[in-house]
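**Student:** I would like to see how this sequence folds:
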Amino acid sequence: MYRTNTCGELRLSDAGKHVTLAGWVQRTRKMGGMTFVDLRDRYGITQLVFNESVNKDLCEKANKLGREFCIQIKGVVNERQSKNANMPTGDIEIIVDSLNVLSTSDTPPFTIEDNTDGGDELRMKYRYLDLRRPSVRKNIELRHKMCILVRNFLDKQNFIEVETPILIGSTPEGARDFVVPSRMNPGQFYALPQSPQTLKQLLMISGFDRYFQIAKCFRDEDLRADRQPEFTQIDCEMSFVDQEDVIELFEDMARHLFKELRGVELPAKLQQMTWHEAMRRFGSDKPDLRFGMEFVEFMDVLKTGAFKVFDEAEYIGGICCPGCANYTRKQLDQLTEFVKRPQVGAKGLVYIKYNEDGSIKSSVDKFYDADVLKKVLEKAEAKPGDLVLILSGDNANKTRVQLCSLRLEMGDRLGLKDKNKFECLWIIDFPLFEWSDEEQRLMATHHPFTMPNPDDIPLLDEHPEKVRAKAYDFVCNGIEVGGGSIRIHDSHLQEKMFNILGFTEEQAMAQFGFLINAFKFGAPPHAGLAFGLDRFVSIMAGLDSIRDCIAFPKNNSGRDVMLDAPGELAQKQLDELNLKVDLRQKND
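**Tutor:** Take a look at the predicted model:
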């Protein structure tokens, strides 16, 4: 038996017991003729004591232990004279009478502690060591608990877990696919699923009226804090339901998860906000409601003929930043540079200070008199000490998105994004289509199988850009955690959708013939939703990036620096796959 107890479970009530522990050496300390070793495993840390006067050879053996040595000890649980209230095991120690070094260790490249001295790339290279750190391990444990809760909740709601294939056909819409060459079918490729979308719809046609899967998904996209090339969805589909049925059930699931994992009670009914309202008030389809600073429009006040930039703008809007009238010129210049960054794309920034003494100072006060500026402050409901920041542009939605970036930046600067506060809502009534400058055509905002709002179906022929989708997103703290839609189950309506998206009948059959044909055999009305498991866990854990709740993540370049992947294939493998590698530069 390697251990009778873990390093986190012994208490004062265990004093006098002879126990066997196994784990890793966290640190060693010599004090006179005594050597103290902190032994760590997944469950906690226990202090070991070696006494030179009792067993000199054993103590000398302990003195040779290094950090991260894997050892086994036997000894007696004893009450500590100097207790440590910061450790669950801080009332006891083990008087060791036997030490077995199971495995030695090189000096680790960084300290295995919460406040480590290792940088991101170093920790990713030695991820198996990084996972020994309690703070990282807790995230993985939280993920495990969430998966168990999700499975149990959905099981009680009569959902059945079904695995869908990883090797599928490529789809033309959405993000880029990862593709896999087929040795047995030369010149042909599988794709890794961006989601199990069509497969779960086929399950509904199969009569599995409630399906779920904790599914691996793959998208060949540029990475950011909440995006990895491979990620995990809590993927769900239901038959014979409408939008409110789906929202109600998964709102209950979210409420259950927040209560069990964070002890947080969500409201009995979450707010639902239309896409148009979210864009108008926050410039985002995933608004962060933890703080205010809602948009205020100033076209009626500032289009006076006095300032050409505003007079020619389609949209003039701003936010009121509480207590920021004391911002220095340097701080205001930094904000101006922020909105001019390519990622934001604004041409400039206008400010109005409402000073504590009631005076008004603005970057455009040479164009507007005090009465006009005061009307702006009144409309923004500014108080003495506040700062109003204004953006304008010739495209209303584009300018709102820019203003959203500024609002979120101010939320960061003012410390308003409390990670222990959770503001959740549903965004509904998305546009069914969006224009792609790259493709020069309408694209499905979600995917081609999303049901149009029945009230808007007459608009499909002449004004498809005005059609709303029966789609819904679950948003928490400014993050899209999940989303879904009512699906089209009528073959004729699906054919019309493909036509609007620019598919010929032949192209539609080539890509989605299996689904189109399945619709001919009594497809039920159905709908679904998928939560991003990685994002959901990261919110619960208060993380800034999803990487730390994934056991073996990729870095910002999509590389696994631990496995050194992706890598080159041997020529023999390329020959078997009938592939040739062309390493010419893109600009060639």
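**Student:** from memory residue 310 sits against residue 301, does it?
**Tutor:** No - contact criterion CB atoms under 8 Å: residue 310 and residue 301 do not qualify, at 9.5 Å. (Glycine included, C-beta is placed from N, CA and C.)
**Student:** what sits against residue 226?
**Tutor:** 479, 532, 534-535, 538, 545-546 (CB atoms under 8 Å, 6 or more residues apart in numbering).
**Student:** farthest-separated two in the residues you listed?
**Tutor:** Comparing all pairs in the contacts of residue 226 by CB to CB, the longest separation belongs to 532 and 545, at 13.2 Å.
**Student:** neighbour-wise, which of the two wins?
**Tutor:** Shown here are residue 532 and residue 545; by other CB atoms under 10 Å, residue 532 has more neighbours (23 against 17).
**Student:** is the more buried one in a bridge, and if so with what?
**Tutor:** residue 233 (DSSP bridges).
**Student:** any idea how far residue 407 is from it?
**Tutor:** Remark: distance between residue 532 and residue 407 (CB to CB, to the nearest Å) = 23 Å.
**Student:** And residue 551, by the same measure?
**Tutor:** Residue 551 is 35 Å from residue 407, by CB to CB.
**Student:** In terms of neighbours, single out the busier of the two.
**Tutor:** Taking other CB under 10 Å, residue 551 and residue 407 do not tie; residue 407 has more neighbours (26 against 12).
**Student:** That one is in what secondary structure piece?
**Tutor:** Per DSSP states H and E: residue 407 is located in helix 396-413.
**Student:** ok, now residue 145?
**Tutor:** Secondary structure here is read from DSSP H and E; on that basis residue 145 sits in helix 134-156.
**Student:** in that helix, what counts as buried?
**Tutor:** Residues of helix 134-156 classed as buried by neighbour count (16 or more other CB atoms under 10 Å): 136, 139-140, 142-143, 146, 149-150, 153-154.
**Student:** Can you list the neighbours in contact with the next helix or strand after that helix?
**Tutor:** Tracing the chain past helix 134-156, the next element assigned as helix or strand by DSSP H and E is strand 160-161. With CB under 8 Å, 6+ apart as the test, strand 160-161 has contacts from 151, 154, 208, 210-214.
**Student:** Kindly reformat those residues as CSV containing distance to residue 288.
**Tutor:** Shown next, in CSV, are those (distance: CB to CB, whole Å):
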residue, distance to residue 288
151, 30
154, 28
208, 37
210, 32
211, 32
212, 28
213, 30
214, 27
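**Student:** all helices for the stretch 51-200 of the chain, in order.
**Tutor:** For the stretch 51-200 of the chain, applying DSSP state H, counting those that start in this stretch gives helices covering 56-63, 120-125, 127-130, 134-156, 197-205.
**Student:** Just the C-alpha atoms of the shortest one, please, in PDB.
**Tutor:** Spelled out, that is helix 127-130. The C-alpha coordinates for helix 127-130 follow below in PDB (Å, rounded to 0.1, in the frame of the first residue of the first chain):
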ATOM      1  CA  ARG A 127       2.400  22.000 -18.300                       C
ATOM      2  CA  TYR A 128       2.500  18.700 -16.400                       C
ATOM      3  CA  LEU A 129       4.400  20.700 -13.700                       C
ATOM      4  CA  ASP A 130       2.100  23.700 -13.900                       C
END
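**Student:** Just the buried positions in it, please.
**Tutor:** Of the residues in helix 127-130, 127, 129-130 count as buried by neighbour count, 16+ other CB under 10 Å.
**Student:** got a list of what the closest residue in space to residue 147 that isn't next to it in sequence touches?
**Tutor:** Nearest residue to residue 147 in three dimensions, chain neighbours excluded: residue 214, at 6.0 Å (CB to CB, 6 or more residues apart in numbering). By CB under 8 Å, 6+ apart, the contact set of residue 214 is 147, 150-151, 161, 232-235, 533.
**Student:** Check residue 18 too.
**Tutor:** Residues near residue 18 by CB under 8 Å, 6+ apart: 74-76.
**Student:** tell me what the helix holding residue 145 is packed against?
**Tutor:** Contacts defined by 3 or more CB pairs under 8 Å, 6 or more residues apart in numbering; DSSP states H and E place helix 134-156 against strand 210-218, helix 243-262, helix 533-541.
**Student:** can you map out the strands along the stretch 251-400 of the chain?
**Tutor:** In the stretch 251-400 of the chain, the segments counted as strands under DSSP state E, counting those that start in this stretch are 271-274, 296-297, 315-321, 350-354, 360-362, 386-393.
**Student:** Among the ones you listed, which comes closest to residue 115?
**Tutor:** For residue 115, the closest of the strands of the stretch 251-400 of the chain is strand 315-321, at 32.9 Å, according to CB to CB.
**Student:** for the protein, what's the longest strand?
**Tutor:** strand 18-31 (DSSP state E).
**Student:** returning to what we had before: among the buried residues of helix 134-156, which two are most distant?
**Tutor:** 136 and 154 (27.8 Å).
**Student:** The closest residue to residue 321 other than its chain neighbours: how many residues sit nearby?
**Tutor:** Once flanking residues are discounted, residue 321 sits nearest to residue 387: 4.6 Å by CB to CB, 6+ apart. Per other CB under 10 Å, the neighbour tally for residue 387 reads 26.
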